[in-house]
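Trainee: sequence and computational prediction follow.
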Amino acid sequence: MSIDFLQQRASYLGLPEELWVEQKPVPVADPRVIYWNEALATELNIPRLDDAVWGGSEVVEGSTPFSQAYAGHQFGGFTILGDGRAVVLGEHISPEGRRVDIQLKGSGRTPFSRGGDGRATLGPMLREVLISEAMHGLGIPTTRCLAAVNTGETVMRERPLTGALVVRVAESHLRVGTFEFAAQQEGKETLEKLLMYAIQRHMPNLVEEERPAVSFLQECCRRQAELIAKWMSVGFVHGVMNTDNMAISGETIDYGPCAFLDEANPEAVFSSIDRQGRYAFGNQPQIGHWNLAVLASSLLPLIDINTGEAENIATEVLNLFPSYFHLAWRREMAAKFGIQDPRDEDDGFISDFLSYLQQEKKDYTQSFVDLEHGVPKEVEGWGTRWAARCAEEGGIAKARERMKQVNPVVIPRNYKVEEILEQAENGDLTSFNAILKELQHPYDRSRPRNGLDQPPPLGTPKTVTYCGT
């Protein structure tokens, strides 16, 4: 294992000091690692170290932990933010040259805490472990959790809860909101340095571009379109798509009030605070586009010296997003029907099947698995169209075999997640560990399913999720 782990000064600290503040984690009473992601640690060559390091009570000698400043549009309203309960311990470079941030989430108060205690509780932290590992298993770009730590403290929310934190691994924690902060607060010079840093870190092929801000914006549009298309294909609802929760890297970040569809419903909302349905399942592509428009607005000074011309250029780039998304959505959805080479006319039978699921209130995930065995009688006419389309690519039997590679048999069923998080709060991690193993292999039809392939029983209350702060 690495002997110089986190001892190199993070590259982010080369940016202007307005964008960060040195900040050590606040020590906790009795840190105890209750989950360690051995596969991720091995992949990145990260040493196990003492529980006190992962709990924030000890800092690796030579490292410079810090918290980041950023802003964000939260439910459409602009706010100055920052890492109010997170500290980046530093950057780690794997033997293959992959650079990642190692961050503690729930590590105590920082200058950006805005009155909060900076702590986190066990349930939301274990939710982040479960959902992020499920997303990784599904093949969707995501931040991941290296460890979850019981802090040995009690954290007050509506009631006393077990204190915890997670160690999060991300390609970086650069967000749309980071660019908003630079543009709104610090001016063009800081913004330009941030842009070039983001390009060098995430899109090095754009370094020599004549108009780097334009190319950067276009690449962000492409990455977000492909990410959201993947979300839609598996029924994932992020729940809080504020601009500070959109990562420049194209990873899914921040698993607060997230959930997965049971019943197919584009209006599905699970977040306790999304009372207007802004971040409903079916709204996610439009919100992604909106967030990218905010990014474009922040980049205008770097796009062109003439504001009007900058706006025209940015609009041209933003207008690419719908086609990026639609092509990605068609590719992801066609694959769910076993279609290898999707084309324009496939949109019709894809949309017709989704309409059937919505009208009949069918389970989103299970309905695609069921297609591997037969077409529902209610849509036999549709099934004839599907079979004819599959015949062009080797037949429906081969299509059904391909479907097994992209249609998960298990997802983080909301009611099951709530059950195991309640058990964990009571000190029992047995179900958490068992279900986590299955979520890491969502396409394997030979493994135990622990109820993760079943819709909630009749009468189960609708799941309501919370941000965890």
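Mentor: Structure's in. What do you need?

Trainee: ranges for the helices of the stretch 1-150 of the chain?
Mentor: Listed in chain order, the helices of the stretch 1-150 of the chain (DSSP state H, counting those that start in this stretch) span 38-44, 51-54, 122-137.

Trainee: tell me which of those sits most buried.
Mentor: Of these, the one with the most neighbours on average (mean count of other CB atoms under 10 Å) is helix 122-137, at a mean of 24. The C-beta positions use only the backbone N, C-alpha and C, and glycine is treated the same way.

Trainee: packing partners for it?
Mentor: strand 144-156, strand 160-170, helix 414-425, helix 430-439 (3 or more CB pairs under 8 Å, 6 or more residues apart in numbering; DSSP states H and E).

Trainee: and the angle from the last one to strand 144-156?
Mentor: Yep, that's helix 430-439 we're talking about. Orientation of helix 430-439 against strand 144-156 (axes from the mean of the first three to the mean of the last three CA atoms, to 10 degrees) gives an angle of 160 degrees.

Trainee: how about the second one?
Mentor: Interaxial angle, strand 160-170 versus strand 144-156 (the same axes, to 10 degrees): 160 degrees.

Trainee: buried ones in strand 160-170?
Mentor: Applying a neighbour-count criterion of 16 or more other CB atoms under 10 Å, one finds 161-170 buried in strand 160-170.

Trainee: list just the nearest of the residues you listed to Lys336.
Mentor: Distance to Lys336, by CB to CB, is smallest for Ala170 among the buried residues of strand 160-170, at 28.2 Å.

Trainee: tell me the spacing between that closest one and Glu43.
Mentor: 14 Å (CB to CB, to the nearest Å).

Trainee: next up, the contacts around Glu418.
Mentor: By CB atoms under 8 Å, 6 or more residues apart in numbering, the contact set of Glu418 is Thr463.

Trainee: try it again with 10 Å
Mentor: By CB atoms under 10 Å, 6 or more residues apart in numbering, Glu418 lies in contact with 123, 127, 456, 460-461, 463-465.

Trainee: among those residues, which lie within helices?
Mentor: Counting by DSSP state H, these place 123, 127 in helices.

Trainee: hmm, back to that, now the helices of the stretch 1-150 of the chain in CSV, with distance to Thr154 and mean pLDDT?
Mentor: Formatted as CSV, these follow (distance: least, CB to CB, whole Å; pLDDT from 0 to 100):
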stretch, distance to Thr154, mean pLDDT
helix 38-44, 29, 97
helix 51-54, 19, 98
helix 122-137, 11, 97
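
Trainee: now for those, which one comes closest to Val149?
Mentor: helix 51-54 (5.3 Å).

Trainee: got the CA positions of that closest one in PDB?
Mentor: Taking Å, rounded to 0.1, in the frame of the first residue of the first chain, the C-alpha atoms of helix 51-54 are listed here in PDB:
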ATOM      1  CA  ASP A  51     -10.100   4.200  12.500                       C
ATOM      2  CA  ALA A  52      -9.100   7.500  14.100                       C
ATOM      3  CA  VAL A  53      -8.000   8.800  10.600                       C
ATOM      4  CA  TRP A  54     -11.200   7.800   8.900                       C
END
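
Trainee: can you list the domain ranges for the chain.
Mentor: Per the record, the chain has its domains at 11-170, 328-360+372-403, by automatic domain parsing.

Trainee: buried deepest among the ones you listed, which one?
Mentor: In terms of average neighbour count - mean count of other CB under 10 Å - the standout among the domains of the chain is domain 11-170, at a mean of 19.
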